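S.K.: Fold the following.
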Amino acid sequence: MSTTGPPLLDDQHPILAKVRKLLAKAEDPAATEHEAEVYTAKATALIASYGVDAALLSRADPAADPVGDLQVGVDAPYAADKADLLATVATALRCQVVMRTRRGPDGKEISLHVFGHRSDLERAEIIWTSLLLQSATGLLRTPVPRGEHPAAFRRSWLAGFRLAVGRRLTEAEDRARLDADARQGDGPGASLVLADRGELVRGAVEAAYPDARAARARTLSGSGGADGWAAGQRADLGARRMPRAPRALRR
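M.R.: Numbers count the residues shown, from 1 in each chain. As a prediction, the model looks like this:
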């Protein structure tokens, strides 16, 4: 992974520092699946609340949490799958992503241009980095079925993992927003504030990429989707248990 632009992460912030410590425990290969689930659930609940609180605080001073961008290059192996994971995480955390590809000396190169408010970019980078490590550990623990192509199986496994954690992140964000709405007194509620911030992010994307088009869906042939989905469930992001996904998964 490579990034360009100003550094985003502020370990001095007490919430983000605590989130990093919890995720480090979840990423530890020595952690049991249950331990990783507990650590990640706590981290995700904290980071969802942090995002909504940052949005509400910025009402009085929009310059305190401006719209920014982050450019991220993803490396092989499984660069497209890593990019899809970042796009899923960033979208769930109220960012928008433009995926860019070009032919380099070693083949296709993939990078992503992520737009969002500074606090949301911080959160997306923290969660994505952790999930990359957790998914790598999960892949190592999952044997490829006999007779199946390893790369096809692993790509479908990563797709299942991505869909599960994306669903959980979205639900955690929705809960934090609704909780904030319930706590609000006078003035605009969290839902209205977040909607206004979303319009600013969309405007930044449209200004930078006026001709951007929706990406084509990827079709995956491997049978690892259900195992990956289950691993994403175990990297519990604070949401209720979901039924297992079908084995055939599309982006």
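
S.K.: Could you point out the helix or strand that follows the helix or strand hosting residue 91?
M.R.: Element membership for residue 91, per DSSP states H and E: helix 79-92. Using DSSP H and E, the helix or strand that follows helix 79-92 in sequence is strand 96-104.

S.K.: now for that following strand, which elements pack on it?
M.R.: If contacts are counted by 3 or more CB pairs under 8 Å, 6 or more residues apart in numbering; DSSP states H and E, strand 96-104 sits against helix 79-92, strand 107-117, helix 190-208. For the C-beta atoms, the positions are set from N, CA and C on the backbone; glycine is no exception.

S.K.: center of the chain, which residue is that?
M.R.: Against the mean C-alpha coordinate of the chain, by CA atoms, centre = their mean, the closest residue is residue 89 at 1.7 Å.

S.K.: unless I'm mixing things up, that residue is touching residue 129, no?
M.R.: No. Shown here, residue 89 and residue 129 do not form a contact pair, counting by CB atoms under 8 Å, at 9.7 Å.

S.K.: shaky segments in the stretch 1-150 of the chain?
M.R.: 1-13 (pLDDT under 70).

S.K.: For it, just list every one of the strands.
M.R.: Assigned by DSSP state E, counting those that start in this stretch, the strands in the stretch 1-150 of the chain fall at 2-4, 67-74, 96-104, 107-117.

S.K.: Show me what the second one packs onto, helices and strands only.
M.R.: Right, the one you point to is strand 67-74. Going by 3+ CB pairs under 8 Å, 6+ apart, strand 67-74 lies up against strand 2-4, helix 79-92, strand 107-117, helix 118-141, helix 190-208.

S.K.: how distant is that strand from the center of its chain?
M.R.: 13 Å (CA atoms, centre = their mean, to the nearest Å).

S.K.: Alpha carbons of it, as CSV, please.
M.R.: Below are the C-alpha coordinates for strand 67-74, written out as CSV (Å, rounded to 0.1, in the frame of the first residue of the first chain):
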residue,chain,number,x,y,z
VAL,A,67,-13.4,17.7,2.7
GLY,A,68,-10.0,16.2,1.7
ASP,A,69,-8.7,13.4,-0.4
LEU,A,70,-6.3,10.5,-0.1
GLN,A,71,-4.6,8.7,-3.0
VAL,A,72,-3.9,5.0,-2.3
GLY,A,73,-1.9,2.6,-4.5
VAL,A,74,-2.5,-1.1,-3.9
